[in-house]
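K.L.:
Sequence below, structure please.
(chains A, B and C)
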Amino acid sequence: MSIAKFLLRRFLQGIFVIWGVITIMFGLRAVSPGDPASLMAGEGATAEIIEQVRVQEGLDQPLYLQYIEYLQGMMVGDFGFSWQARREVSAIVIGRIPATVELAVAATVVAIAIAIPLGVISGTRRNQPADYSATMFSLLGISTPNFWLGLMLILVFAVWFGIPYPSVGTSSLPLSGVSVPYPSSVGLGMVDLPTGRRDVSFGVAVSALVFEQSLSEMGTWLRHITLPAITLGTYFTALITRLTRSGMIDELGKPYVTSVEAKGLPSVLIRYKHVLRNTLIPIITVLGLQIGTLMGGAVITETVFNWPGLGLRLIDALHDRDWPVMQGIVIFIAIAFIIINIIVDALYASLDPQVSDE
Amino acid sequence: MTEDILRINDLSTRFFTKEGQVNAVERVDLNIKRGEVFGIVGESGSGKSVTALSLVDLVESPGEVTNGSVEYRNEELAEALRDEYPDAVDGSFVDLRAVPETVRRSLRGASFSMIFQDPESSFNPTLTVGEQIAEAAEVQRRARANPRSTRAKTRGVEYSFSSYLASAVLPSRKFVTNSSRERAVELLEMVGIPDPVKRADEYPHQYSGGMLQRAMIAQALAGEPDVLIADEPTTALDVTIQAQVLDILADLQEETGMTIILITHNLGVVARMCDRVGVMYAGEIVEQGRLEDVFENHVHPYTEGLLGSIPNLDDVGGRLQPIGGNVPSLIDVEMGDGCYFADRCPRAMQECLEKPPDFDGPGGEEHVAKCYLADHPYDETQALSEEYFESAGARVTDRGDSAGASPGEVSEDD
Amino acid sequence: MISDRVKSNLKDTFVDSLLPKVGLVLLIAILVMALFAPLLATHDPTRTGHFHETGAPYPPMGYSYETQVAQDGEFGEVSVESNSTHVLGTNNIGQDVYSRFLYGARVSVIVGLSSTLLAMLIGVPIGLVAGYYGGRVDDGLMRVADTMLAFPALVLALALIGVFGESPVHVPDPIVMAGFADGMPETIPIPGTVTIVGALVIWVWFARVARGEALSLRNEEYVKAAQSFGTGNAQILRQHILPNSLTPIIVLATIQVAVIILLEASLAYLGFSGTTLSWGYEIERGQDVLRTRPWVSIVPGIGIMLAVISVNLLGDWLRDALDPNIDQSKRGA
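P.N.:
Now for the predicted structure:
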């Protein structure tokens, strides 16, 4: 089977799964206790609005008609209308994508940049101090809840080290909301941004850099993203370190390594061109699956740091019982997850010559 | 008489495992002559493969070469190292155990190369066969291009991490050059791979076992080595393919005049290929000499047992005779002080409880056996008592007629 | 079925290495805390020091203040920092941090175990049946599994809670009922929805592992032999397939307990667990007073971390010792 055929099959499977995802979300709405119309109208809607929603959304129709309509809407990217925000859900989702993507990418970059060298060191120097430290670090990393880690980072950097608050991320932590009647030894100088806004996006920072040769926007962006990226990336750093370590150990024990050594190849090439490369191939698949954890982690990290991405909006929607926004974001995240996994499979197929032949 | 190319003295390799210290190679002495095919033969677990790996310093943790010298004749190398390591250089011989690891590494591929037992697991599955052979050719090309390379390498100058990073961006900085790739195709053609240009771009899983073993030979020859160490080169192959691979090896040896150390448990392969043979048992070379001497004038009862275990062609009714008992565990504390074979030996005597020295055998002057029988004939009055075998039997299980280890076609070596 | 070889392997790997021992000690400590929380606690964990609504100012470190003790309507001295009465201090509303830490362990352990058990009860039979029968049943299950896996676990859990709401279940506390611990709450609120939602999120992993096992076991000689004797499929599944596929399922279950503990904490932190007696919720509460009373968040965070570490260490040990084909990619989450 060729790579193209393999990918085509994965693509068709992906479409099937997306259909399943949409169906499950529709099913959830149908089986939800209570009236779907009042669910969609959101918390505190008047009876009049609920009636209006019922008619407008076709909720008075038989279930199968509703389902067909729902599917049709999804196919053209119509995620519905939020009666709370009084906006198209798709517009809300699109507006929140960049922040989440920036955060996820930054966390992944941090994770890969730290974890792979650490895993290689740990795997090639087994049972030495470096290996023990890396193993301990990764054990802690996979066991620490990331919202707690985020808070601890804020505590250490903002509160104890007294680094001015905006430099460690944008947050609406009620730290600032509470009146503090006693003398404050730590000048926090906090900005309480309303959820959904931030100073500088990556795009703005880059355009400032390119068109105005101004570094300050980029600096602001970096200051804001550092702690959230560390918070979100720690689990991944730990996981990839663990995987790289055990993968390196497995791989180094294989007969081909002796054979490569016997031909006198420089050790750098043995370690990276042969061993690390083969170690990374299975890791890529695991990472594809773990992107789901990354997305779940993003929801929490965004909440801790008031990062105006999809996750924070999802939580807001849940608190407001804003069903259309909630299901729109959930479906979007699931579709993104499926697409990323197809891309990962393509990457995998291109790296492992045996996949496309199986 | 041709000159020696390798002089191995007192070589010992130990594995430090949880169960205890394992003496995989025990004080081995061997001289290998330039241009000969030297066979090392023995049962599974007798230490043949570890001996081979010890020669090229590829024994992996928890194993370690603990003792002995491996002297390698190479005028050029001796000259380059004479000033820096006067103790390691003796005439045109260099003691490889006495020079830094970087020097030993630099000799891999160019001076010594290896063929492994299982070609399928000895190639990296994710790189093309051509690329992997080209790597070996490239190692040699770079060594040639820089005549002072041996000297440079003693200082640890190698392809660095930054060059590797650069090669990821700049194709021109890649380690493997086009000329090496072309060389890889030539090598594949030389070992009889049809359509080598196309085959070079294929991955190991697209090759058959026999073709892959030929590709491995091509890879081993890419460095034009002085010494080729072939560790069970035919074990994993079908019988018909075995013959082809041996033919290729024999032809190439004739063409290039390289020295081959052939490690096998297959006496047929030994008889067909080797000039001289060393018989290995429990980490020791128990008997060595010219092929005829070992096959016809053997002294050591173990050698006899080995040969006896091949079905005799002259006597069609003869059945395969297994040697009673199993190869000992090689764990240091269990090994005792006597001859390691005594507990399986049909002609063990009292004196065998003390380790026999090397005696000259009845064959030519190079015929040596680690057995008192080479010195004086068997004396039945001195035979070891039954109690000895019983207590030994507790240690070495299965003494008697178990066919567990019959070396004519013994199970493959570890 | 656990063979002797497996048992000795378990023992050897346990004796040889330090980490499983650390894991076991931690696990026992947490189980003891959870089990005997009413006996170990010094205060009623739900008893507040003052009404948040009154707007009583949060005193800084080193201060204490007169305030109304909520339940009894008395006034009393409530201290903020750790002292002899409140070993780990109090939180924003004057509750004892140490006692809440113990009760938090209770909720975590109960949710972690019951949710995993529920997931096993759903996933294992489905997986075994799919793997054993193969064909359409199997295809159908795998498609459902793929779809479930397309949702990030936390996102799916949030969606389910968004639909079904949060309903805590008040379980009577036997120790208090028996009269051994006066003044402790008579019921413990268990986040019921979270338990069920957790199981709905992770059952797929059990189904997948069980399916894989059944798929390979159905070709075993003894299964074929049983079939040829005319043994019913249900009996074969119960007598041969299930016992022989238990090992990887147990390893998976261990790891999934950690996943559930983290999931519960996350949901509680986000305010969707329906109970306030939870480590995750406590961390969220401590966020308000992070500067003045950092311990309110620090203490329960350490609890979550230790619980997850202990389960992960034991999971690693079991996996290494039993060596079933569960790799990191099947960790779930």
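K.L.:
Helices along the stretch 201-350 of chain B, start to end?
P.N.:
Ranges of helices in the stretch 201-350 of chain B, per DSSP state H, counting those that start in this stretch, are B:209-221, B:239-256, B:267-273, B:291-296, B:301-308.
K.L.:
wait, I meant chain C
P.N.:
Secondary structure of chain C by DSSP state H: the helices cover C:4-16, C:18-35, C:37-40, C:97-133, C:135-149, C:153-164, C:174-177, C:192-217, C:221-228, C:233-236, C:242-244, C:246-270, C:279-287, C:295-322.
K.L.:
With respect to chain B, which of the ones you listed lies nearest?
P.N.:
Closest approach to chain B among those is made by helix C:4-16 (8.5 Å; CB to the nearest CB). (Glycine included, C-beta is placed from N, CA and C.)
K.L.:
Next up, the contacts around B:Glu386.
P.N.:
Contacts for B:Glu386 (CB atoms under 8 Å, 6 or more residues apart in numbering or on different chains) come out as none.
K.L.:
where's it relative to chain C, distance?
P.N.:
Distance of B:Glu386 to chain C, computed by CB to the nearest CB, to the nearest Å: 35 Å.
K.L.:
For the spatially closest residue to B:Val333 that is not a sequence neighbour, name its beta-bridge partners.
P.N.:
Leaving aside its sequence neighbours, B:Val333 sits nearest to B:Gly20 (CB to CB, 6 or more residues apart in numbering or on different chains; 5.7 Å). Following DSSP bridges, B:Gly20 is listed with bridge partners B:Thr17.
K.L.:
separation between B:Gly20 and B:Asp332?
P.N.:
As judged by CB to CB, to the nearest Å, B:Gly20 and B:Asp332 stand 6 Å apart.
K.L.:
ditto for C:Val257
P.N.:
From C:Val257 across to B:Asp332, the span is 45 Å (CB to CB).
K.L.:
any idea of the pLDDT on the residue nearest to B:Val333?
P.N.:
B:Gly20 carries a pLDDT value of 81.
K.L.:
that older thread, any chance of the helices of chain C in JSON lines with distance to A:Ile114 as columns?
P.N.:
Converted to JSON lines, the helices of chain C look like this (distance: least, CB to CB, whole Å):
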{"stretch": "helix C:4-16", "distance to A:Ile114": "29"}
{"stretch": "helix C:18-35", "distance to A:Ile114": "22"}
{"stretch": "helix C:37-40", "distance to A:Ile114": "39"}
{"stretch": "helix C:97-133", "distance to A:Ile114": "29"}
{"stretch": "helix C:135-149", "distance to A:Ile114": "27"}
{"stretch": "helix C:153-164", "distance to A:Ile114": "24"}
{"stretch": "helix C:174-177", "distance to A:Ile114": "46"}
{"stretch": "helix C:192-217", "distance to A:Ile114": "28"}
{"stretch": "helix C:221-228", "distance to A:Ile114": "48"}
{"stretch": "helix C:233-236", "distance to A:Ile114": "50"}
{"stretch": "helix C:242-244", "distance to A:Ile114": "41"}
{"stretch": "helix C:246-270", "distance to A:Ile114": "21"}
{"stretch": "helix C:279-287", "distance to A:Ile114": "25"}
{"stretch": "helix C:295-322", "distance to A:Ile114": "20"}
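K.L.:
For A:Gly247, which of those helices is the nearest?
P.N.:
Evaluated over these, closeness to A:Gly247 peaks at helix C:295-322, with 15.3 Å, by CB to CB.
K.L.:
In the closest one, which residues are buried?
P.N.:
Buried residues in helix C:295-322, counted by 16 or more other CB atoms under 10 Å in any protein chain shown: C:295-301, C:303-319, C:321-322.
K.L.:
Might one say that B:Gln219 is in contact with B:Glu131?
P.N.:
No. Counting by CB atoms under 8 Å, B:Gln219 sits too far from B:Glu131 to count as a contact (10.7 Å).
K.L.:
The two: which is more packed in?
P.N.:
Using other CB atoms under 10 Å in any protein chain shown, the more surrounded residue of B:Gln219 and B:Glu131 is B:Gln219, with 31 against 18.
K.L.:
Does stretch A:24-42 reach chain C?
P.N.:
Yes. Counting by CB under 8 Å from any CB of the partner chain, chain C has neighbours in stretch A:24-42: A:Ile24, A:Met25, A:Leu28, A:Arg29, A:Val31, A:Ser32, A:Pro33.
K.L.:
Of those, which is the most crowded?
P.N.:
A:Met25 (22 neighbours).
K.L.:
Which secondary structure state is assigned to that one?
P.N.:
The local conformation at A:Met25, judged by DSSP: H, G, I helix; E, B strand; the rest coil, is helix.
K.L.:
Highest mean neighbour count out of the helices of the stretch 201-350 of chain B?
P.N.:
Burial of the helices of the stretch 201-350 of chain B is given as mean neighbour count (mean count of other CB atoms under 10 Å in any protein chain shown); helix B:209-221 ranks first at a mean of 25.
K.L.:
so where's chain A shaky on pLDDT?
P.N.:
Within chain A, the stretches with pLDDT under 70 are A:1, A:162-200, A:355-358.
K.L.:
and the residue of it nearest chain B?
P.N.:
Residue nearest to chain B within chain A (CB to the nearest CB): A:Gly264, separated by 3.1 Å.
K.L.:
check contacts around that residue.
P.N.:
Neighbours of A:Gly264 in contact, by CB under 8 Å, 6+ apart: B:Arg105, B:Ser106, B:Leu107, B:Arg108, B:Gly109, B:Ala110, B:Ala136, B:Val139, B:Gln140, B:Gly223.
K.L.:
change it to 7 Å
P.N.:
Taking CB atoms under 7 Å, 6 or more residues apart in numbering or on different chains, we find A:Gly264 in contact with B:Arg105, B:Ser106, B:Arg108, B:Gly109, B:Ala110, B:Val139, B:Gly223.
K.L.:
so who does A:Gly233 touch?
P.N.:
Taking CB under 7 Å, 6+ apart as the criterion, A:Gly233 is in contact with A:Ala107, A:Val110, A:Ala111.
K.L.:
Inside strands: which ones of those residues?
P.N.:
Residues of the contacts of A:Gly233 located in strands (DSSP state E): none.
K.L.:
Sort out which one of these lies nearest B:Arg97 for me.
P.N.:
Of all these, B:Arg97 sits closest to A:Ala111, with 44.3 Å by CB to CB.
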